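[1] Take a look and give me a structure for this.
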Amino acid sequence: MHTTELNLRLDQAIHRYGENAGALTPASRHHFATPGKRTRSRLLFTASPSPKNIELLVHAAAAVELIHEASIVHDDIQDRTDVRRGNTSVWKEFGANTALLLGDHLVSAAFRAIAEVDTAPGLQGKLFIMLSQAISKAASGQHLQLSADYLSHDLQTTYNNVAISKTGAFIALPLQFSNLLGYEEILDPEPARKCGEQLGFAYQILDDLRPFRDPTTLATDEDMLDRIVTAPVAAMHTLSPDRDPFTALLQQQQLRDSAVELCKSWLSEALLEATQFASQLPEHSGAVISQFIETTFTAHTTENNESPLTTKSSQLLISEGRYKPWRVQGNTSSI
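    Prediction:
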């Protein structure tokens, strides 16, 4: 089926299950008036060359987007984000109680979207398990970020766990779904999960670096004002553990540049790991992931295509015995 037709059916499914929300419909329509990029559903569609059940594929894509939207609505309450996609956030427009309930509705809508499609016995159960695991993992990541202590002796590991859980889970989900729905036979979703989590980790670092393109605006950045642990904060703590990382990022240009450079090295390592997991996927999915990396990250990798371990900050850490790869240390099965 042509991509245009798939996207049309996706819009219809999101409208049916997400926007039609009873007494919450005004808040839901306000939120969906400015749709997102649909990155996750696009990954699912493009990584699914020969789906057996088009309707289930579309509804699974709707579920992925609905869960993502639910996380945004809930996150905006906790982060006190006033503007979302150029429009007032739901909590700002309708209040925190309405936003909380709308997020709950969207989670329910995601499960309903999959439940209402006739399919092979057992397949919906597998999709539900993956969906619930992703939700739980993302919730754990959000909690870790909100409770993270920037004075922690191991802030890098804390940040890694946050990013892989909070962002990685919802990037991994469409790739997991594609291994179940996108081919003539059901494939092992585990390599897809691992690949997606590393892509999500890299995506989170990239997002955390956006305010640092113009350091003159850092003093008014919401994450800096709220002292949220982001990649540059974790990097600054790694480089200079005795300094307040937020103050150093604002006032010490040389240290700030080194922290940004270290973040880019973490990003590059994450993409390398994602590529290695992608090699375990079907050739078509691997090509899709390569294209996703090319279009999303290429302009933001380290200069001159350096290996992450050749960057100045990484070499400094190696010489001092403080360098740790980006990957999470130890057992993270509970995250």
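[2] Report the contact partners of the spatially most central residue of the chain.
    Geometric centre of the chain, nearest residue: Thr167, 2.5 Å, by C-alpha atoms, centre = their mean. If you count contacts by C-beta atoms under 8 Å, 6 or more residues apart in numbering, Thr167 has them with 138, 141, 200-201, 203-204, 207. Where C-beta positions appear, they are placed from N, C-alpha and C, glycine not excepted.
[3] can you rerun that using 6 Å?
    Contacts for Thr167 were tallied using C-beta atoms under 6 Å, 6 or more residues apart in numbering; they are 200, 203-204.
[4] quick one: the helices in the stretch 151-300 of the chain?
    Listed from the start of the chain, the stretch 151-300 of the chain has helices (DSSP state H, counting those that start in this stretch) covering 155-163, 169-181, 190-209, 222-225, 231-239, 245-251, 253-278, 283-297.
[5] buried ones in the last one?
    Right, helix 283-297. For helix 283-297, the neighbour count (16 or more other C-beta atoms under 10 Å) marks 284-286, 288-289, 292-293, 297 as buried.
[6] Let me know the closest of these to Val117.
    Ser285 (22.4 Å; C-beta to C-beta).
[7] residues in contact with the closest residue in space to the closest one that isn't next to it in sequence?
    Among residues not flanking Ser285 along the chain, Ala47 sits closest, at 4.7 Å (C-beta to C-beta, 6 or more residues apart in numbering). Neighbouring residues of Ala47 by C-beta under 6 Å, 6+ apart: 178, 182, 285, 288.
[8] which two from those end up farthest apart in space?
    Within the contacts of Ala47, Gly182 and Val288 form the most distant pair, 9.9 Å apart (C-beta to C-beta).
[9] returning to that earlier point: how about the helices of the stretch 151-300 of the chain in CSV, adding distance to Leu56?
    Formatted as CSV, the helices of the stretch 151-300 of the chain follow (distance: least, C-beta to C-beta, whole Å):
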stretch, distance to Leu56
helix 155-163, 30
helix 169-181, 6
helix 190-209, 17
helix 222-225, 38
helix 231-239, 36
helix 245-251, 46
helix 253-278, 24
helix 283-297, 18
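[10] Ok, which of the ones you listed comes nearest Asp118?
    Short answer: helix 169-181, nearest of the helices of the stretch 151-300 of the chain by C-beta to C-beta, at 13.9 Å.
[11] model confidence over that closest one, on average?
    Confidence over helix 169-181 (mean pLDDT, whole number) is 96.
[12] next one: that helix to chain centre, how far?
    With C-alpha atoms, centre = their mean, to the nearest Å as the basis, helix 169-181 stands 13 Å off its chain's centre.
[13] helices or strands next to that helix in the packing?
    In terms of contacts (3 or more C-beta pairs under 6 Å, 6 or more residues apart in numbering; DSSP states H and E), helix 169-181 is packed against helix 39-46, helix 54-79, helix 123-147, helix 190-209.
[14] The same query, at a cut-off of 8 Å, please.
    In terms of contacts (3 or more C-beta pairs under 8 Å, 6 or more residues apart in numbering; DSSP states H and E), helix 169-181 is packed against helix 39-46, helix 54-79, helix 123-147, helix 190-209, helix 283-297.
[15] Select, out of those, the one closest to Asp11.
    When those are ranked by proximity to Asp11 (C-beta to C-beta), helix 54-79 comes first, at 9.0 Å.
[16] got the buried residues for that closest one?
    Within helix 54-79, the residues that count as buried by 16+ other C-beta under 10 Å are 56-77, 79.
[17] residues contacting Gln145?
    By C-beta under 8 Å, 6+ apart, the residues touching Gln145 are 162, 166, 228-229.
[18] nearest to Leu272, of the buried residues of helix 283-297?
    Ile293 (10.0 Å).
[19] That closest one reaches Ala274, doesn't it?
    Yes. With contacts counted by C-beta atoms under 8 Å, Ile293 reaches Ala274, the gap being 7.2 Å.
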